[in-house]
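In: pasted the sequence and its predicted model underneath.
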Amino acid sequence: MTDLSQKQLNADTAKSMTESVTITLPRGAFELANPDNAAEFTPKSKAELLGEIKPYYELIDGELVYIGTKIDRDTGEKEHLAPVRLCRELEIIGQGIDSYGDYYRLIRWNDCITNSEKTTAIPCSSIGERECWQLLNGKGLAIATNRASRERLADYLHSEGSKERYTIASQSGWQQGAFVLPTGEIIGEANTRLFYPAAGTYREAFTPKGSMAEWRDSVGALAKDNPLVMTAVACSLAGAVLGLIGARDGIGLHLHTETSSGKSTCADVAASVWGNPKSLMQSWDGTGIGLTNSAEFANSMMLYLDEIGAGDAKKMGSIIYTMLNGVSRTQGRKEGGNRAKRTWLMTLISTGEVPISQFLNEGGHIVRGGQEIRMLDIPADVGNYRAFDCIHGHKNGGAFSIALTEAARTHYGSMGREFVAWLIQHKNEVKNRVTASEKRLLAELPDHAAPTVSRASRKFAILAAALEMAADAGLTGWTCEESFQAVHTTWQRWLVEFGIDSRDDERLIEQANRVLAAAQYGRFLLLPLQDQEPTMQNVMGYKRITEDGGYVFFVLPHAFKDEVVKGYEIKKAFKVLHEAGVLDKPKGHDGWTVVFERGKGRGYKMKLSACKE
C-alpha cells in the first residue's frame, strides 16, 4: 500500500469516527452528553469524547460547577478533579452595551422561591468585584464564598455563554423606536434587540388592573366636564409626546390650594394612566439625587409627587430645575474624565397647599420666570366644587372625590399602554397636532404678552394636543373639542393668576422699591449737606426732598449693584427700571449715573414707584 493510500485510509477512518460521535455544546459552556440520564454522566466519559483532558464548566443538579484538571503523580497522566461549586444554575444569554458606552453580560436563571424566570444585566466593569457578588447573591444565586471559586465564576461570566448582541436600555420610555415600560415590556418594534435592566423591579406598580374600556367607562366618565381632572390626564399622557416632538424640557403642574379640595384626586387620576396611583405616588421629602433619579425613571411618562410642603424649601429650586430640565449633574470618574450625562424627558404633577413660587420664596430663593414656567402653578379651588366643576349627581364635592379616587385606584395601567400604541401608529401626525394647538392658544394672547407667558402657553398646547389625540384614539370617552376646551379652561385660570407681563420684571421693580423704602430714613444722607456731614453707618447714597414732599435718591454704584438689582442682569435692570419710572437716564450721556453733589462722585438717580397689584 502506498503512503498516499494509507493517508486516505486514515482520513476516512477519522471521518467515520467523527460522524459517529455527536457532541452538543451547552447553555453557556458545555451541555451534558446525555441530559436525560445526567446521573450516569462522569467527567471521564466526557474527556474520552473530547479526545483530551481539559478543564470545563458544567451544570449538575441545578448548580454551576467547575471541573479542573491535575497531573497524577504516579502515572504522569492528566485527570479531572472533583467538581467545584460556583453558584446556582444560570444561563448567559448575551452581551450588550448601553447608551453611555458601558458593557454588560445578560444572565437568566429560575427563581426557586417565586418559581419564575428572572433576567438581569451585569456591568462588565463590576464582574469579579464585591458589588457583582452582592448583586447576584441578592438575586438568589447563592455565590460560592471562597476566593478561588469566585475567580472561576468571574472568568465564566466574562468568557462563556451566548454572544448575542443586545442594546441595554438605561431608562424606560422611547428607546430604539419602541417604548420600554418599567416592567421591561416593549411596545412596538425596536430597531435592535432591547433589554431593560430594571425589568420586574416596578412590575407591581405598573401592572394594569382592569381593561381600557373599564377605565374609560369609570374614570373617564367621572372626569368628563372637569377641566382640572382632564388636564391632569393630559399631563400624564404628554410625557409620551415630548420625545416625539423634540421638546427641550419637561412640563410640571403644581396643583395648589388648602387641604381637602380634591387636588390629590386629580393627581391620582393622572397616575392611573400608567399604573397604580397608590404605588406611583412619591413624596417631595427626599434628597436631590433621589428626586432626580425618580425623574429619570419616569422618562417619557409622568412623575407624581405629593405635598411639596414635605420637601426642603432651601434646596427645592435647583431640584425642580434639574428634574424638569432633564439633564443630570456633571460627575467625574475615578479613573479620570467625566461620566456621560444622563438625560430624560417627562411630565410632573405635584400637589401642595401653597404655590410653588411662594414655597421657593420661603426657602430664600429668588424665583425666576424659568422656574415658574417649568412648574406651572395651577389653582385647584376655582371650580364649582373647588377642584371640580361637575360632580355627576353625587351629594357633594367630597363624595365625588371619594368615588373618583376609588375608580382610579381600581382601574389603572391600560390607558398609557394603549396611547403609546396609538402614537407608534401615528408618529408622523404628532408634531402637526401640537403645532395646531399652539396656534389656537397663542392667537388669544395679546402682542405685548411676555415671552415667558408664550413659552408656558406652548406647554399647555402640548397637553391639549395629547388629550385630543387620546380622544381620537377612543381612549377617554371625550370628544376632541371637549379635550381641547378642558385644557383651555385650565390655561385661562392659570393666566388669571400668572398675568401676561414678565414676572421677573415685576419682581425686579418690587425689589428696587422695597430696598429704597426700607433704607430711605436710615442709609441715605440728606442733601444739601450741612457744614459737618452727619455720621451714618453703611451709607447707600444721598437723597433730596422734591417739590411734592417726596425724595429723589442718588444710589451709590456699589449699593445699586449689590442690593437694588441684586440677582438680576444689570443691563436688563437699567431698561426695566427706567421704563417703570424708577430709574432716570441722564440726557446727553451714554451712562446711567449722574453727579449729585460736587465732590461726592456719581450715583444712580432713582425714586419710589407704586408696584402693580
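Out: That came through, no problem.
In: which residues in the stretch 151-300 of the chain form strands?
Out: 165-168, 173-175, 178-180, 186-187, 194-195, 251-256, 281-283 (DSSP state E, counting those that start in this stretch).
In: return the most buried member of those strands.
Out: Here the criterion is mean neighbour count by mean count of other CB atoms under 10 Å, and of the strands of the stretch 151-300 of the chain the winner is strand 251-256, at a mean of 27. Any C-beta I mention is one placed from the backbone N, CA and C, and that applies to glycine too.
In: for that one, packing partners?
Out: Other elements packing on strand 251-256 under the criterion 3 or more CB pairs under 8 Å, 6 or more residues apart in numbering; DSSP states H and E are helix 227-242, helix 263-271, helix 313-325, strand 347-352, strand 375-379, helix 451-472.
In: paired strands for the fourth one, with orientation please.
Out: Right, strand 347-352. Each strand paired with strand 347-352, and its direction, by DSSP bridges: strand 251-256 (parallel), strand 302-306 (parallel).
In: next, the angle from it to strand 375-379.
Out: Taking axes from the mean of the first three to the mean of the last three CA atoms, to 10 degrees, one finds strand 347-352 and strand 375-379 inclined to each other by 50 degrees.
In: which residues are in contact with strand 347-352?
Out: Taking contacts as CB atoms under 8 Å, 6 or more residues apart in numbering, the residues outside strand 347-352 that touch it are 232, 235-236, 238-239, 242, 250-256, 263-264, 266-267, 270-271, 284, 295, 298, 301-309, 323-324, 356, 359, 375, 380.
In: picking up where we left off before, what's the closest of the helices and strands packed on strand 251-256 to A148?
Out: Taking CB to CB as the criterion, helix 313-325 is the member of the helices and strands packed on strand 251-256 that comes nearest to A148, at 45.7 Å.
In: surely C480 is in contact with A473?
Out: No - using CB atoms under 8 Å, C480 is not in contact with A473, being 10.4 Å away.
In: now name the helix or strand holding the closest residue to A221 other than its chain neighbours.
Out: Leaving aside its sequence neighbours, A221 sits nearest to G477 (CB to CB, 6 or more residues apart in numbering; 6.0 Å). For G477, there is no helix or strand it lies in under DSSP states H and E.
In: show the model's pLDDT score for G477.
Out: The predicted structure scores G477 at 97 on the pLDDT scale.
In: what's around the residue lying closest to L136 once chain neighbours are set aside, how many residues?
Out: Ranked by CB to CB, 6+ apart and with sequence neighbours excluded, the top spatial neighbour of L136 is I143, at 5.3 Å. Other residues near I143 number 19, with proximity taken as other CB atoms under 10 Å.
In: what's the helix or strand for I143?
Out: Element membership of I143 [criterion: DSSP H and E] is none; it lies in no helix or strand.
In: quick one: it and L556, what's the gap?
Out: According to CB to CB, to the nearest Å, I143 stands 71 Å off from L556.
In: which helix or which strand is home to the closest residue to W274 other than its chain neighbours?
Out: Spatial nearest neighbour of W274, chain neighbours left out: G416 (4.3 Å); criterion: CB to CB, 6+ apart. Secondary structure from DSSP H and E places G416 in helix 414-425.
In: low-confidence stretches in this protein?
Out: Under the criterion of pLDDT under 70, the regions of the chain flagged as low confidence span 1-51, 199-201, 330-340, 532-533, 610-613.
In: what residues does the helix holding G416 touch?
Out: With contact meaning CB under 8 Å, 6+ apart, helix 414-425 is reached by 178-179, 181, 187-188, 208, 210-212, 214-215, 236-237, 240-241, 244, 272-275, 301, 430, 469-470, 473, 475.
In: for ChimeraX, what selects the buried ones among these?
Out: To isolate in ChimeraX the members of the contacts of helix 414-425 that are buried, counting by 16 or more other CB atoms under 10 Å, one can use:
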select :178,179,181,187,188,208,210,212,214,215,236,237,240,241,244,272,273,274,275,301,430,469,470,473,475
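In: spell out the secondary structure type for V594.
Out: At V594, secondary structure determined by DSSP: H, G, I helix; E, B strand; the rest coil is strand.
In: give the contact list for the residue nearest to L136.
Out: With contacts defined as CB under 8 Å, 6+ apart, I143 is in contact with 86-87, 133, 136-137, 150, 153.
In: any idea how far C87 is from the residue nearest to A221?
Out: For G477, the distance to C87 equals 52 Å [CB to CB].
In: between the two, tell me which one has more neighbours.
Out: Neighbour totals were compared for G477 and C87, and C87 leads with 22 against 18 (other CB under 10 Å).
In: Y66 is in contact with the more buried one, correct?
Out: No - shown here, C87 and Y66 do not form a contact pair, counting by CB under 8 Å, at 10.5 Å.
In: so where do the strands sit in the stretch 401-550 of the chain?
Out: With DSSP E, counting those that start in this stretch applied, the stretch 401-550 of the chain shows strands at 524-527, 541-545, listed in chain order.
In: from those, which stretch is densest packed?
Out: Burial among those, expressed as mean neighbours by mean count of other CB under 10 Å, is greatest for strand 541-545, which shows a mean of 20.
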